[in-house]
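Novice: sequence unknown, structure follows:
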């Protein structure tokens, strides 16, 4: 048996007087707080989803009402099937499902239910965040090996090649000796 959550007075405030960005666009299923590190990154996507999902004649408070009384403010639960279906019909099924980071803080994953052009926007945001984050990581590694290295941003591949070249150069320079853990140098004699 599936249980819905208890309705509270705060739900009426959410419908008619939303606090902040997350509640204003809450009918989309957003979970983006303004204090989040990724707020500015995901903000344009939520606005684009809102533009496509909200009928021009329909106020947001009504969509939030349907979200509370139809969807139980959830992307998986249903409180009232008719209201949930009306919400889905009015928003054309468009919604923000989830976002998370996976292997590193710049490996952003975005899940939306939307037409292809909005899916493409989400994909472009993901790849841009990844590219900038990976470039920052590679630049840091290059500068650790060579503080005076000339850095040209814009391509992860180019920075990876530059890092590989520096590593090979250091290995070639250190071929005749070994650096011990205490920092002393031991020469290899054949």
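Specialist: It's in. Since this is a predicted model, take the numbers as computed values, not measurements.
Novice: Centroid-nearest residue for the chain?
Specialist: residue 108 (4.0 Å; Cα atoms, centre = their mean).
Novice: May I have the phi/psi pair for that one?
Specialist: Dihedral pair for residue 108: phi -80, psi 130, per degrees, to the nearest 10.
Novice: Nearest spatial neighbour of it, chain-adjacent residues omitted?
Specialist: In space, and not counting its chain neighbours, residue 108 is closest to residue 129: 4.5 Å by Cβ to Cβ, 6 or more residues apart in numbering. For every residue, glycine as well, the C-beta is placed using N, CA and C.
Novice: Toward the C-terminus from the host helix or strand of that neighbour, list the very next helix or strand.
Specialist: Following DSSP states H and E, one finds residue 129 within helix 116-145. Using DSSP H and E, the helix or strand that follows helix 116-145 in sequence is helix 156-173.
Novice: Could you tell me the angle between that following helix and helix 116-145?
Specialist: Calculated by axes from the mean of the first three to the mean of the last three Cα atoms, to 10 degrees, helix 156-173 forms an angle of 20 degrees with helix 116-145.
Novice: related to what we said a few turns ago, can you pull the pLDDT of the residue nearest to residue 108?
Specialist: For residue 129, the pLDDT comes out at 94.
Novice: Can you read off the backbone torsions of residue 109?
Specialist: phi -120, psi 130.
Novice: which other helices and strands contact the helix holding residue 129?
Specialist: If you count contacts as 3 or more Cβ pairs under 8 Å, 6 or more residues apart in numbering; DSSP states H and E, helix 116-145 packs onto helix 39-53, strand 108-113, helix 156-173.
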